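Trainee: Give me a 3D structure for the following:
(chains A and B)
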Amino acid sequence: MITLRINGRSQTVDASPDMPLLWVLRDLLGMNGTKFGCGVALCGACTVHLDGIPRRACVMPVGAAIGHAITTIEAIGATPVGKKVQQAWLDLEVVQCGYCQSGQIMAAAALLAKIPAPTDTDIDQAMSGNICRCGTYTRIREAIKQAARTPSTVNKGG
Amino acid sequence: MDRVSRRQFLTAGAATGGGLLLGWHVDARARVLAAAAKAKPSVFAPNAFIRIGTDGRVTLIMSQVEMGQGTYTSMPMLLAEELEVGLDQVRLEHAPPDDKLYANPLFGDQETGASTSVRVFYEPLRRAGATARTMLVAAAAATWNVDPASCRAQKGVVTHSPTGRTLTYGALADKAAKLPVPAQVTLKDPKDFKLIGTPAKRLDTPAKVNGTAQYGIDVRLPGMKIATVAASPVLGGKVASLDDSKAKAIKGVRQIVRLDDVVAVVADHMWAAKQGLAALDIRWDDGPNATLSTADVVQGLAAAVQTPGVVARKEGDAAAGIAGAPTKMEAVYQVPFLAHAAMEPMNCTVHVRPDRCEVWTGSQVLTRAQATAAKVTGLPLEKVVVHNHYLGGGFGRRLEFDYVTQAVRIAQQVDGPVKVIWTREEDIQHDVYRPYYYDRVAAGVDARGQPIAWMHRLAGPAILARYLPAAFKDGIDPDGLDGAVHLLYDIPAIQVEFVRHEEPVLNTGFWRGVGVTHNTFVIESFIDELAAAAKQDPVAYRRALLGKSPRARAVLDLAAQAAGWGQPLPAGRGRGVSLLYSGWGSYLAEVAEVAVSKSGEVRVHRIVCAVDCGTVVNPDTVKAQIEGGIVFGISGALWGEVTLKNGRVEQSNFNDVRVLRINETPAIEVLLVRNGEAPGGIGEPGTAVTAPAVANAVFAATGKRIRKLPLENQLRSA
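Mentor: Residues are numbered from 1 along each chain as shown, chains lettered A, B, ... in the order given. This next block holds a predicted model:
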């Protein structure tokens, strides 16, 4: 049995340590917001945070996540940065099919947590691992900039 | 297509398509109530698209599926505009499969594709909304014993104007349900539109930014197993032998299903299934395609294009015009097989019971999905239930139902529900690919450089002969020829021919833009060649040939002006232009600005695209579709290519199926021309107009004319 800290909660799963975190989330815990896109860390659809750092869950053995804080799309809206990223996504109508957007939002939230006012180059570097076949990239870029301009709301009772 | 021909389509659709327009009201209420298990008896459902409960809940039933194109907002806008409810007051529900209720009038069955939803449902859905509103107003008027003309509806409430009395739609639902459905209703004058034409917020977005949106792959059922598959790597191949002993020993693997052309590993979770798949020792009998490669396909097409085709358009005598012209120009163009690579890999969940089959998936063709499940199981259609979901990308891939057929065959061998998920590798190597097309195009040019005769012959498969046989008439595949027969340039003699040539080495089908994507590349590249040979400006040259097409001329002027056409560029950069018109009924002009490195890498810096798609329902959706279509088009133009060796697809994942990423995406400006013309399609044109604009920009930057896609391959080998 493996105990994980996911979105602030402790979760115990029956998994071998080499099982990728993606399938632990999706198939063992029923947390389906994190998506399967390529299975080999080429597309970013499965992006989650491990202690705030964006990681590809499809190639991360769950054993390596033990003892770290895992954050997924289901809870990113509870963070001030995640909340304003989601709002910017809504304001600019970034989404089309939406399948990659969990990963895009997780990557963007991690970027803004690290670099509050990113340049275009910062955005390129942080987001180029996330593929969107619907081609929403120009809106993703604008939404990140809008989120960067938005003051974070105070997380009352946080 | 103009208003008249569109109307003809609708009429024809009503006649052949199970009577969407005519038969709709007859038994719609009973059917919807039967389809919706939760619906209470006291529900007002005047047609198959609207349900209003006595609790005031307004449910709109979505027959066209949502795959990113915004149809779950534009269809509700059409209904809500006439129903007089706000978009914030409605709930959406996926429609069940039912060709009688939900056929796309253009195809005769329930299909979402070919950029048709707004075009063909613009009037029917408004009529559905107006019918419901008329009945609710009549119910209120009867309650108050007043003239319905003295009542008005707004935001789900009917008001008697002289007295100010009000009744909500919920309060009226019971009474309205007992009224006869009116045969005729009055639609709003477009000047009174409150929703149509405004940039309404998409209704599906909130669930897509917080991870709660349900795609087919997200289905979870009690006792459900997860399976992943290896189908024959060569089309037509079979399993020769299988050793599954190592796979069965993996923890979590429950069952190996061996069918003649595919092996599935059924497990507790995808990780066990994937490990099991890797541990299988399968030997394949590759069958007749075992040795084929891309070169064989090209050879077949090159021979085919030498033979006369079926004439699809003929004006004047093009052959004589070319033979007698002072200058003759000729070229061969080729476009490769392309994979869709939708972000959500193919998947389908199925539970087969002795007397029933349930399917959960994301499909552009729900009734075809239902029919294949019925055929495989031998169950009657009404015993097959299909639950649709959001689609994680369609692009034409989910117009096919091969993955449903396969999942049902596997599920027949499994006790309980099973979710079959393809790996990305399986998805790339078992796609239904955009065909390889091979075109010959020739023109006769007069002493001033003007074309006086045009001959375009294309060779490729007839997708519609397989997919929609009724649409394949007299040897003409309207899809393969789309765009080619719509050539707008004013040339006295025009001949367009189609040589049907099937290459059974890969399954081929629809890929965002299909025929138009390839034909626009050919036409707009070749017209650019003519302009260059005449030493004329590419925009001016086109403009002079568009005297009879004012809408085309207008978008060309708009794009050229906005892009700064003719203004100097930094060294090494070039601008290219292209124009698009096709059966979608939309006019587009695009200017691309590119730089090409010494090693042949193309960087697209800027795209300006002017769009006239007639009446616009949601302008922001139009812009989004064009932006996304352009990105899809750049990926295809620069890198898109699926190749074969020994009958096997050589590409497998995003390492060798290169697609555009954010750091490679140009600045994109979309300019909308607004008018009251009939709505045109917008899902695909942005893709189709892009390859030639980029290729022409490459020519402007380098002097290299690329006649074979993808561009970077050719630039590297040039």
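
Trainee: From start to finish, how long is stretch A:83-103 in a straight line?
Mentor: Using C-alpha to C-alpha, to the nearest Å, the end-to-end distance of stretch A:83-103 comes out at 15 Å.

Trainee: mind checking how far that stretch is from the chain centre?
Mentor: Chain-centre distance of stretch A:83-103: 12 Å, with C-alpha atoms, centre = their mean, to the nearest Å.

Trainee: pLDDT of it, averaged?
Mentor: Per-region confidence: stretch A:83-103 scores 98 on mean pLDDT.

Trainee: quick one: it near chain B?
Mentor: Yes - Stretch A:83-103 lies within reach of chain B by C-beta under 8 Å from any C-beta of the partner chain, at A:Gln86, A:Trp89, A:Leu90, A:Glu93, A:Val95, A:Gln96, A:Cys97, A:Gly98, A:Tyr99, A:Cys100, A:Gln101, A:Ser102. Any C-beta I mention is one placed from the backbone N, CA and C, and that applies to glycine too.

Trainee: which residues does the residue lying closest to the last one once chain neighbours are set aside contact?
Mentor: Sequence neighbours aside, A:Ile73 is the residue nearest to A:Ser102 in space, at 4.0 Å (criterion: C-beta to C-beta, 6 or more residues apart in numbering or on different chains). Residues near A:Ile73 by C-beta atoms under 8 Å, 6 or more residues apart in numbering or on different chains: A:Gly33, A:Thr34, A:Val48, A:Ser102, A:Ile105, A:Met106, B:Asn210, B:Gly211.

Trainee: residues in contact with A:Arg139?
Mentor: Taking C-beta under 8 Å, 6+ apart, we find A:Arg139 in contact with A:Leu92, A:Glu93, A:Val94, B:Ala624, B:Glu627.

Trainee: Now find how far off-centre the host helix or strand of it is within its chain.
Mentor: Taking DSSP states H and E as the definition, one finds A:Arg139 inside helix A:137-149. Offset of helix A:137-149 from its chain centre (C-alpha atoms, centre = their mean): 16 Å.

Trainee: That helix - what's its average pLDDT?
Mentor: Helix A:137-149 shows a mean pLDDT of 98.

Trainee: Render the CA-only coordinates of that helix in PDB, please.
Mentor: Extracted in PDB, the C-alpha atoms of helix A:137-149 (Å, rounded to 0.1, in the frame of the first residue of the first chain):
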ATOM      1  CA  TYR A 137      -2.000  28.700 -28.300                       C
ATOM      2  CA  THR A 138      -2.500  32.400 -29.100                       C
ATOM      3  CA  ARG A 139      -5.300  32.600 -26.500                       C
ATOM      4  CA  ILE A 140      -3.200  30.600 -23.900                       C
ATOM      5  CA  ARG A 141      -0.500  33.200 -24.300                       C
ATOM      6  CA  GLU A 142      -2.900  36.100 -23.800                       C
ATOM      7  CA  ALA A 143      -4.600  34.400 -20.900                       C
ATOM      8  CA  ILE A 144      -1.300  33.800 -19.100                       C
ATOM      9  CA  LYS A 145      -0.500  37.500 -19.500                       C
ATOM     10  CA  GLN A 146      -4.000  38.500 -18.300                       C
ATOM     11  CA  ALA A 147      -3.700  36.300 -15.300                       C
ATOM     12  CA  ALA A 148      -0.200  37.800 -14.600                       C
ATOM     13  CA  ARG A 149      -1.900  41.300 -14.600                       C
END
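
Trainee: What count of nearby residues applies to residue 94?
Mentor: Because you didn't say which chain, this covers chain A. Neighbour count for A:Val94, taken as other C-beta atoms under 10 Å in any protein chain shown: 31.

Trainee: could you do chain B instead?
Mentor: 18.

Trainee: do the same with B:Gly300
Mentor: B:Gly300: 18 neighbours (other C-beta under 10 Å).

Trainee: now swap in B:Ala533 and tell me
Mentor: Neighbours of B:Ala533 under the rule other C-beta under 10 Å: 13.

Trainee: which residues touch it?
Mentor: Neighbouring residues of B:Ala533 by C-beta under 8 Å, 6+ apart: B:Thr327, B:Met329, B:Val445, B:Gly449.

Trainee: what's the spacing between the first one and B:Gly113?
Mentor: For B:Thr327, the distance to B:Gly113 equals 42 Å [C-beta to C-beta, to the nearest Å].

Trainee: where exactly do the helices run in the stretch 351-500 of chain B?
Mentor: Here the stretch 351-500 of chain B has its helices, by DSSP state H, counting those that start in this stretch, at B:366-377, B:402-411, B:424-429, B:463-467.

Trainee: and B:Gly614, helix, strand or coil?
Mentor: What DSSP: H, G, I helix; E, B strand; the rest coil gives for B:Gly614 is coil.

Trainee: Spatially central residue for the chain, please.
Mentor: This is for chain A. A centroid search over chain A (C-alpha atoms, centre = their mean) returns A:Met106, at 2.2 Å, as the residue closest to the centre.

Trainee: switch to chain B, that's the one I care about
Mentor: Short answer for chain B (C-alpha atoms, centre = their mean): B:Gly113, at 3.9 Å.

Trainee: separation between A:Ile144 and A:Leu50?
Mentor: Counting by C-beta to C-beta, the gap from A:Ile144 to A:Leu50 is 21 Å.

Trainee: Of these two, give the one with the bigger neighbour count.
Mentor: More crowded of A:Ile144 and A:Leu50, by other C-beta under 10 Å: A:Ile144, with 28 against 17.

Trainee: hang on, isn't the more buried one packed against A:Leu111?
Mentor: Yes - with contact defined as C-beta atoms under 8 Å, A:Ile144 counts as touching A:Leu111 (6.9 Å).

Trainee: Spit out the residues that contact those two alike.
Mentor: Overlap of the contact sets of A:Ile144 and A:Leu111 (by C-beta under 8 Å, 6+ apart) consists of A:Pro118, A:Ile123, A:Met127.

Trainee: Excluding chain neighbours, what is closest to A:Arg55?
Mentor: A:Val48 (6.0 Å).

Trainee: Which strands or helices does the helix or strand harbouring the one you found pack on?
Mentor: Element membership for A:Val48, per DSSP H and E: strand A:47-50. Packing partners of strand A:47-50 (3 or more C-beta pairs under 8 Å, 6 or more residues apart in numbering or on different chains; DSSP states H and E): strand A:53-56, strand A:69-71, helix A:101-114.

Trainee: Nearest to chain B: which residue in chain A?
Mentor: Relative to chain B, the nearest point of chain A is A:Gly33 (2.1 Å; C-beta to the nearest C-beta).

Trainee: What is the three-state secondary structure of that residue?
Mentor: With three-state DSSP as the criterion, A:Gly33 reads coil.
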